[in-house]
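>>> The amino acid sequence is not available; the structure is as follows:
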């Protein structure tokens, strides 16, 4: 069945069950070999979907608002509080909400910072998420790309130079905790120190979509007063594995501008989207409640151990691979097309990656390595020299 044809809504009659079954079948068929993109697959959320999945849950307005009936704001507030506690964010200087994902979280944080510093320049690494320059454009701000090193971390000397050239303007600096290709983590302490010396002041935001929670569980990423971080955004469908795109944004309460009361809804308009998915908040709450802090710490440890195993197995067949010490991401030379396609690898030129998210197994890694070894051309055995080989021509065997 051609799915696009079967799903065309201009038809008089549509076999709804067949269309939905094919979507599920297509996803199931590739699930075992989808290791290139970050989405944990080790949790079941049936308990939430069975009870809440058949109605609208609209968390309109601010998470602290009352009113309405079918909303999950109490769960949203619990998610925000747990996340802020995990990052050691001061209880008297925090605010946040459940977003549709990391991009909305970044937008909400940058919007707050831009309103505080209207003339600010926004500095971001060239290895930052592709949405950052787009959001800079959406906000009508001036963006300043900063070099990154070959492993994906921001070049702090270049950041310092770019700040000096724009010392008249406040600076909004976007650090990344887990870049898209290599899962590199920018050093927020070094960025904080550079911002402290910047004459016009500024704001440090961290895009921590993938690695934020694992690093916070390690105590390596904190939003306490010493950190100098004004805001952070994480994704819920990556490490926490919610079955719908989601996230959390945290902003220091002293940074944000208070929203406007809306008579029509009886709420305060403090979020980017206004109406927000209450089901996403419930799924995030469930993901946290089932595992707890220690359960998620174990998941992070296991994912990193599997990534280390993957590097060992890939390099054992003569293929170059590496990872950052903290990372679930394994970076490798780009495999042949048939391997990339089967295993749904993210690729950028000569470099690809796979991600050992919670739920990925050694069996899958072993199968990937087997396919990679089978697709890799082996060097030909040396041929006996003949008089023709002395002619000065270079010959190769394929």
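Sure, I can see it. This is a predicted model, so every value here is computed, not measured.
>>> contact partners of the one helix or strand residue 193 maps to?
Using DSSP states H and E, the secondary-structure element containing residue 193 is helix 188-197. Applying C-beta atoms under 8 Å, 6 or more residues apart in numbering, the contact partners of helix 188-197 are 154, 156, 159-160, 163, 171, 173, 175, 177, 201-204, 206, 221, 227-229. Where you see a C-beta, it was placed from the backbone N, CA and C, and this is true even at glycine.
>>> what do you get if the cut-off is 7 Å, keeping everything else the same?
Helix 188-197 has contacts (C-beta atoms under 7 Å, 6 or more residues apart in numbering) with 156, 159-160, 163, 171, 173, 175, 202, 204, 206, 227-229.
>>> and if you look at stretch 13-23?
Applying C-beta under 7 Å, 6+ apart, the set of residues contacting stretch 13-23 from outside is 1, 3, 6-7.
>>> let's see it at 10 Å
For stretch 13-23, contacts defined as C-beta atoms under 10 Å, 6 or more residues apart in numbering pick out 1-3, 6-8.
>>> What is the helix or strand bottoming out on mean pLDDT in the chain packed up against?
Between all helices and strands in the chain, the lowest mean by mean pLDDT, DSSP states H and E belongs to strand 260-262, at a mean of 82. Applying 3 or more C-beta pairs under 10 Å, 6 or more residues apart in numbering; DSSP states H and E, one finds that strand 260-262 makes contact with strand 267-269.
>>> same for the strand it packs on, what does it pack against?
strand 260-262.
>>> got a pLDDT number for residue 2?
Predicted confidence (pLDDT) for residue 2: 88.
>>> before we move on, what about residue 376?
In this model, residue 376 is scored at 78, pLDDT.
>>> in the helix or strand hosting residue 160, what's buried?
Following DSSP H and E, the helix or strand that holds residue 160 is helix 156-165. Within helix 156-165, the residues that qualify as buried by neighbour count (16 or more other C-beta atoms under 10 Å) are 156, 158-160, 162-163.
>>> go on, stretch 251-271?
The neighbour-count criterion (16+ other C-beta under 10 Å) identifies 251-252, 255-256, 265, 267, 269-271 as the buried residues of stretch 251-271.
>>> which stretches of this protein have low pLDDT?
The chain contains residues with pLDDT under 70 at 377-398.
>>> Domain ranges for the protein, per the record?
Domain segmentation of the chain under automatic domain parsing yields 32-43+293-375, 47-289.
>>> and the end-to-end length of the first one?
The one in question is domain 32-43+293-375. 19 Å (C-alpha to C-alpha, to the nearest Å).
>>> And the last one, by the same measure?
By C-alpha to C-alpha, the extent of domain 47-289 from end to end equals 12 Å.
>>> I figured residue 357 hits residue 330, correct?
No - if you go by C-beta atoms under 10 Å, residue 357 and residue 330 don't touch, sitting 11.4 Å apart.
>>> Which neighbours do these two have in common?
Taking C-beta under 10 Å, 6+ apart as the criterion, residue 357 and residue 330 both touch 35, 306-307.
>>> Of these, which belong to helices?
Among those, the members falling in helices are 306-307 (criterion: DSSP state H).
>>> Output the domains of the chain as JSON lines; include the columns distance to residue 21.
Below are the domains of the chain laid out as JSON lines (distance: least, C-beta to C-beta, whole Å):
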{"stretch": "domain 32-43+293-375", "distance to residue 21": "19"}
{"stretch": "domain 47-289", "distance to residue 21": "18"}
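>>> winner for burial among these?
domain 47-289 (a mean of 20; mean count of other C-beta atoms under 10 Å).
>>> now that one, how far from the centre of its chain.
Its chain's C-alpha centre and that of domain 47-289 lie 12 Å apart, by C-alpha atoms, centre = their mean, to the nearest Å.
>>> what about the strands in this structure?
In the chain, the strands defined using DSSP state E lie at 95-99, 121-125, 142-146, 171-176, 202-207, 231-235, 247-251, 260-262, 267-269, 321-322, 329-333, 346-348, 351-355.
>>> okay, those in TSV with distance to residue 183 next?
Written out in TSV, the entries for the strands of the chain read as follows (distance: least, C-beta to C-beta, whole Å):
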stretch	distance to residue 183
strand 95-99	21
strand 121-125	13
strand 142-146	18
strand 171-176	9
strand 202-207	12
strand 231-235	13
strand 247-251	17
strand 260-262	39
strand 267-269	35
strand 321-322	11
strand 329-333	4
strand 346-348	11
strand 351-355	8
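>>> between these, which gets nearest to residue 278?
Distances from residue 278 to each of those were compared by C-beta to C-beta, and the smallest falls on strand 95-99, at 8.6 Å.
>>> Adjacent strands (with direction) for that closest one?
If you go by DSSP bridges, strand 95-99 pairs up with strand 247-251 (antiparallel).
>>> Taking strand 202-207 as reference, get the angle to the partner strand.
160 degrees (axes from the mean of the first three to the mean of the last three C-alpha atoms, to 10 degrees).
>>> which stretches of the stretch 201-350 of the chain form helices?
Assignment of helices within the stretch 201-350 of the chain using DSSP state H, counting those that start in this stretch yields the ranges 212-218, 278-316, 337-342.
>>> Would you format the ones you listed as a markdown table with distance to residue 192 included?
A markdown table is the format used below for the helices of the stretch 201-350 of the chain (distance: least, C-beta to C-beta, whole Å):
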| stretch | distance to residue 192 |
| --- | --- |
| helix 212-218 | 16 |
| helix 278-316 | 24 |
| helix 337-342 | 39 |
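>>> Nearest to residue 44, out of these?
Evaluated with C-beta to C-beta, these place helix 278-316 nearest to residue 44, the distance being 8.9 Å.
>>> Would you pull up how far that closest one lies from the middle of the chain?
Relative to the chain's own centre, helix 278-316 is displaced by 13 Å; criterion: C-alpha atoms, centre = their mean.
>>> shift numbering so it begins at 72
Yep, numbering from 72; the last one is helix 349-387 now.
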